[in-house]
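# Below are the sequence and a predicted model; questions follow.
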Amino acid sequence: MPTVVLTDHAWPDVSIEREILEGAGHELVAPYATASMTQIDALVAEAQPAGILTCWEPVSARAIASSPGLRIVARMGVGLDNIDVAEATRRGIWVTNVPDYCVEEVSDHAVALMLAWLRGIAPLDRQVRGGTWDPSSARLARVSTRTAGIVGYGRIGHRTAAKLAGLGMRVLALRPRTSTYADGPVRLVDLDTLLEESDVLILHLPLTPQTHHFVDAALLAHMRPGSLLVNASRGPLVDTPALLQALDDGPLAAAALDVVEGEPLPPRELVERQNVIITPHVGFSSDASVAELRRRASEEVVRVLAAQPPAHPCNAPAAVRI
């Protein structure tokens with residue numbers, strides 16, 4: 001019976017994965033909800049799986065190389081920054097993801113983070129809970145008069161743009177190098193124009209070596225005075241010391257973040273700031289999206305182990321293991 005290892009999971013049980021994989025004649029090994037790279041390396045070496053399902057934890061080159069029968073590493077999500085894709089490709093192993101399961105959720109969350117600051121929801125809630133009832137202290141925005149700039153105009157960026165336009169906002173997006181998406185309600189511009197004209201900058205980028213610390217001190221210095229940074233993608237897109245400096249000295253007024261460097265233990269100096277809103281990397285989440293993610297990722301493993309091509313390949317192995 002071929003074995004499938006689930007490295008970690010961000011939900012209470014593994015019933016969906018077990019039902020699909022065992023129904024196809026595979027054994028599921030899932031001892032951890034969270035795990036270190038060392039634990040995962042050891043788990044894969046011991047279990048010798050034909051497939052690996054992974055949520056957030058790292059699937060290293062060591063893990064991939066340790067199982068000669070491994071045929072697929074399936075990411076239970078969109079980004080691939082926790083998988084050594086190059087090693088998998090070199091060894092003829094498919095890497096897959098579920099690229100569109102949470103488009104509505106992440107775009108909803110990005111808009112919600114923006115509104116939580118512009119309409120004062122989060123800071124005023126803190127104020128009232130602290131015993132202060134002072135409507136005169138509110139400094140709120142008319143959302144329809146603001147300009148939002150999106151960096152990362154793919155599936156999620158496109159939906160975020162449509163929702164922002166529905167609020168009456170002017171919407172800009174960084175002109176992508178390649179895209180299958182029409183402009184829609186968006187004006188495509190270069191980065192300098194985006195930074196100069198945006199009251200809100202929203203990140204929808206994947207994390208790659210090229211986008212690591214995309215938001216650094218130089219970029220922040222070119223943002224509009226009083227602007228808001230929203231990150232609903234990956235924490236390391238933003239250089240945290242540079243962000244803190246921009247929040248102290250300008251031009252940023254605030255940051256609204258679903259992801260941060262160092263999660264799940266974000267820097268205290270960031271968490272404790274009154275002009276920062278943080279949620280615990282839940283932008284992808286809804287009952288519907290999580291169930292869909294679990295089902296589709298598990299079905300992808302079953303598909304590949306049945307010698308069928310994956311529905312959502314993220315690499316092109318030269319010689320696929322059979």
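On my side now, so go ahead.
# what residue ranges in this structure are flagged as low confidence?
Applying pLDDT under 70 to the chain picks out residues 178-184, 321-322.
# looking at it, which residue ends up farthest from its center?
Ser136 (36.9 Å; Cα atoms, centre = their mean).
# if I look at that one, how far off is Arg62?
60 Å (Cβ to Cβ, to the nearest Å). The C-beta positions use only the backbone N, C-alpha and C, and glycine is treated the same way.
# Tell me where the stretch 51-200 of the chain has helices.
In the stretch 51-200 of the chain, the helices defined using DSSP state H, counting those that start in this stretch lie at 61-65, 85-90, 103-118, 121-129, 155-166, 191-197.
# Can you spell out the domain ranges of this structure, please?
If you go by automatic domain parsing, the domain ranges for the chain are 3-101+286-305, 103-278.
# hey, where'd the strands end up in the stretch 151-300 of the chain?
170-174, 187-189, 200-203, 227-231, 252-257, 276-278 (DSSP state E, counting those that start in this stretch).
# which residues touch the longest one?
Residues from elsewhere that reach strand 252-257 (Cβ atoms under 8 Å, 6 or more residues apart in numbering): 113-114, 116-117, 122, 220, 223, 226-231, 235, 238, 243, 246-247, 275-279.
# Restricted to buried residues, select those residues in ChimeraX.
To isolate the buried subset of these in ChimeraX, counting by 16 or more other Cβ atoms under 10 Å, use the following:
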select :113,114,116,117,122,220,223,227,228,229,230,231,235,238,243,246,247,276,277,278,279
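# Which residue lies nearest the spatial centre of this protein?
In the chain, the C-alpha nearest the mean C-alpha coordinate belongs to Ser233, at 3.8 Å (Cα atoms, centre = their mean).
# surely it meets Thr208?
No - Ser233 is beyond contact range of Thr208, at 11.1 Å (criterion: Cβ atoms under 8 Å).
# ok, the nearest residue to Tyr153 once chain neighbours are set aside - contacts?
Setting aside the residues directly before and after it, Tyr153 is nearest to Ala173 in space (Cβ to Cβ, 6 or more residues apart in numbering), at 4.2 Å. Taking Cβ under 8 Å, 6+ apart as the criterion, Ala173 is in contact with Gly149, Ile150, Val151, Tyr153, Gly157, Ala161, Val186, Arg187, Leu188, Val189, Leu194.
# May I see those arranged in JSON lines, with neighbour count and distance to Val4 as well?
As requested, the contacts of Ala173 are arranged in JSON lines below (neighbours: other Cβ atoms under 10 Å; distance: Cβ to Cβ, whole Å):
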{"residue": "Gly149", "neighbour count": "28", "distance to Val4": "42"}
{"residue": "Ile150", "neighbour count": "29", "distance to Val4": "37"}
{"residue": "Val151", "neighbour count": "25", "distance to Val4": "36"}
{"residue": "Tyr153", "neighbour count": "23", "distance to Val4": "35"}
{"residue": "Gly157", "neighbour count": "27", "distance to Val4": "33"}
{"residue": "Ala161", "neighbour count": "25", "distance to Val4": "38"}
{"residue": "Val186", "neighbour count": "24", "distance to Val4": "41"}
{"residue": "Arg187", "neighbour count": "15", "distance to Val4": "46"}
{"residue": "Leu188", "neighbour count": "16", "distance to Val4": "42"}
{"residue": "Val189", "neighbour count": "17", "distance to Val4": "45"}
{"residue": "Leu194", "neighbour count": "23", "distance to Val4": "43"}
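# will you turn those into CSV that also has distance to Ala141?
Shown next, in CSV, are the contacts of Ala173 (distance: Cβ to Cβ, whole Å):
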residue, distance to Ala141
Gly149, 15
Ile150, 18
Val151, 21
Tyr153, 24
Gly157, 22
Ala161, 19
Val186, 20
Arg187, 20
Leu188, 25
Val189, 22
Leu194, 19
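# Between those residues, which sits nearest Phe284?
Nearest to Phe284 among those: Gly157, at 14.9 Å, using Cβ to Cβ.
# can you pull the buried residues of stretch 12-32?
Applying 16+ other Cβ under 10 Å to stretch 12-32 flags Val14, Ile16, Glu17, Arg18, Ile20, Leu21, Ala24, His26, Leu28, Val29, Ala30, Tyr32 as buried.
# and the two most separated of the residues you listed?
Across the buried residues of stretch 12-32 (Cβ to Cβ), the longest gap, 22.4 Å, separates Ala24 and Tyr32.
# about what we covered before: make a markdown table out of the strands of the stretch 151-300 of the chain and add distance to Asn82.
Below are the strands of the stretch 151-300 of the chain laid out as a markdown table (distance: least, Cβ to Cβ, whole Å):
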| stretch | distance to Asn82 |
| --- | --- |
| strand 170-174 | 25 |
| strand 187-189 | 31 |
| strand 200-203 | 18 |
| strand 227-231 | 18 |
| strand 252-257 | 19 |
| strand 276-278 | 21 |
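# Of all those strands, which one is nearest Gln127?
strand 276-278 (13.6 Å).
# so what secondary structure elements neighbour the closest one?
helix 103-118, strand 252-257, helix 268-271 (3 or more Cβ pairs under 8 Å, 6 or more residues apart in numbering; DSSP states H and E).
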